[in-house]
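Enquirer: Any chance you could fold what I've pasted below:
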Amino acid sequence: MTDPDAPVLFAEPGSSFWPLLWGPIFAVLGAAVEAMSGRVHTVAWPLVGLALAGIAAVWVASRRRVLCVRLTTKTLTQGQETLTVERIAEVDEVGTPVGARVLGGGWAVPRKFTEVPVRLDDGTVVLAWALDGEGLRAALAGLVGKSPEVE
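Expert: Predicted structure coming up:
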């Protein structure tokens, strides 16, 4: 359903890769503190760094899968759900009804993300979301053919 050749109009990866450095940095700091007091455990600290980097890798991979937002000229991808742009009827002046379905498969808009109500071609309202909600709304409005209002 996704077209890899379609130009990307808006994208948020969900997470960067820099948290993978937390474990090794902690291990280096721990070894440095231990070196000030005597013997350094040269096998334990690299293992601690690798273990923490592995835990962070699982966390980063999960966030990149579940919290990614990608808008092309043909599709809107929210987490693991993809919606064709042709189904989007309206972005501006769409209210948020109680119980509106959240795109991406979650029960609610992810924490720290801004909801963007979108009316589909069948009249239902769904909630798209992004860290930069105004940027996503503007990109969607440009695709739907309505320019966003500047406040």
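
Enquirer: need the next SSE after the lengthiest helix in the chain, C-terminal direction.
Expert: Counting residues, the longest helix found in the chain (DSSP state H) is helix 44-66. Sequence-wise, the next helix or strand downstream of helix 44-66 (DSSP states H and E) is strand 69-72.

Enquirer: Name the residues that touch that following strand?
Expert: With contacts defined as C-beta atoms under 8 Å, 6 or more residues apart in numbering, strand 69-72 is touched by 2-3, 6-12, 14, 76-78, 85, 128-131, 136, 139-140, 143. Just so you know, the C-beta spots here come from the backbone N, C-alpha and C atoms, and that holds for glycine as well.

Enquirer: Can you give the domain ranges for the chain?
Expert: In the domain annotation for the chain, the residue ranges read 13-65, 69-144 (automatic domain parsing).

Enquirer: Just name the most buried of these.
Expert: domain 69-144 (a mean of 17; mean count of other C-beta atoms under 10 Å).

Enquirer: Was I right to think Leu76 contacts Ile88?
Expert: Yes - using C-beta atoms under 8 Å, Leu76 is in contact with Ile88, at 7.2 Å.

Enquirer: Arg137 belongs to a helix?
Expert: Yes - Arg137: assigned to a helix according to DSSP: H, G, I helix; E, B strand; the rest coil.

Enquirer: May I ask which helix or strand encompasses the closest residue to it other than its chain neighbours?
Expert: Using C-beta to C-beta, 6 or more residues apart in numbering and skipping residues adjacent in sequence, the residue nearest Arg137 is Val116, 4.9 Å away. Using DSSP H and E, Val116 sits within strand 114-120.

Enquirer: mean confidence for stretch 76-84?
Expert: In this model, stretch 76-84 carries a mean pLDDT of 93.
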